[in-house]
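Colleague: A predicted structure for the sequence below; I have some questions about it.
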Amino acid sequence: MADDAYLFLLPDRHPRLGAALAAVGALECTETPAVNAWLQAHEVSVSSEQVRILPAEAETLIPKDTERLPVPLGEEEALRVQQKCAPQSVTEIGRPVPTPGSRP
């Protein structure tokens, strides 16, 4: 596997970038010693909103002074990361979330 994404810590007061790692769901790379050591070194957990992930092709969006960790992803994992990082369309943002029993 190649490095398919980058983990990074979102600096305080920085516009939201990438997806929160916790929002992407379980990724195999989060069980590796390298990722666990990186998280421990920064004193954060996988569930922290500061821990973000971006596809490798979007690495240039990560602020230059921000430490990043390249991680490999499986095909399905890479697709989930790309979907979570994709901007929402204006229609999705304004659309109410359906509740059980409601009609679309």
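Modeller: Right, received. Where do you want to start? Residues are numbered from 1 along each chain as shown.
Colleague: Kindly list the longest helix within the chain.
Modeller: In the chain, assigned by DSSP state H, the helix with the most residues is helix 75-85.
Colleague: just how off-centre is that one within its chain?
Modeller: From the chain centre to the centre of helix 75-85 is a distance of 9 Å (Cα atoms, centre = their mean, to the nearest Å).
Colleague: What residues of it count as buried?
Modeller: 77, 78, 80, 81, 82, 84, 85 (16 or more other Cβ atoms under 10 Å). Yep, even glycine has a C-beta here, placed from its N, CA and C like the rest.
Colleague: Check which helices and strands it is in contact with.
Modeller: Judged by 3 or more Cβ pairs under 8 Å, 6 or more residues apart in numbering; DSSP states H and E, the packing partners of helix 75-85 are strand 3-9, strand 19-20, helix 21-24, strand 51-55.
Colleague: for that helix, what is the average pLDDT?
Modeller: The average of the pLDDT scores along helix 75-85 is 94.
Colleague: Okay, angle between that helix and strand 3-9 too, please.
Modeller: With axes from the mean of the first three to the mean of the last three Cα atoms, to 10 degrees as the basis, helix 75-85 and strand 3-9 are set at 50 degrees to each other.
Colleague: what angle separates helix 75-85 from strand 51-55?
Modeller: Inter-element angle recorded for helix 75-85 and strand 51-55: 110 degrees (by the same axes, to 10 degrees).
Colleague: ok, and what's touching helix 75-85?
Modeller: 4-5, 18-19, 23-25, 27-29, 53-55, 58, 73 (Cβ atoms under 8 Å, 6 or more residues apart in numbering).
Colleague: ok, for residue 84, nearest residue in space, not its chain neighbours?
Modeller: Excluding the flanking residues, the one nearest residue 84 by Cβ to Cβ, 6 or more residues apart in numbering is residue 19, at 3.6 Å.
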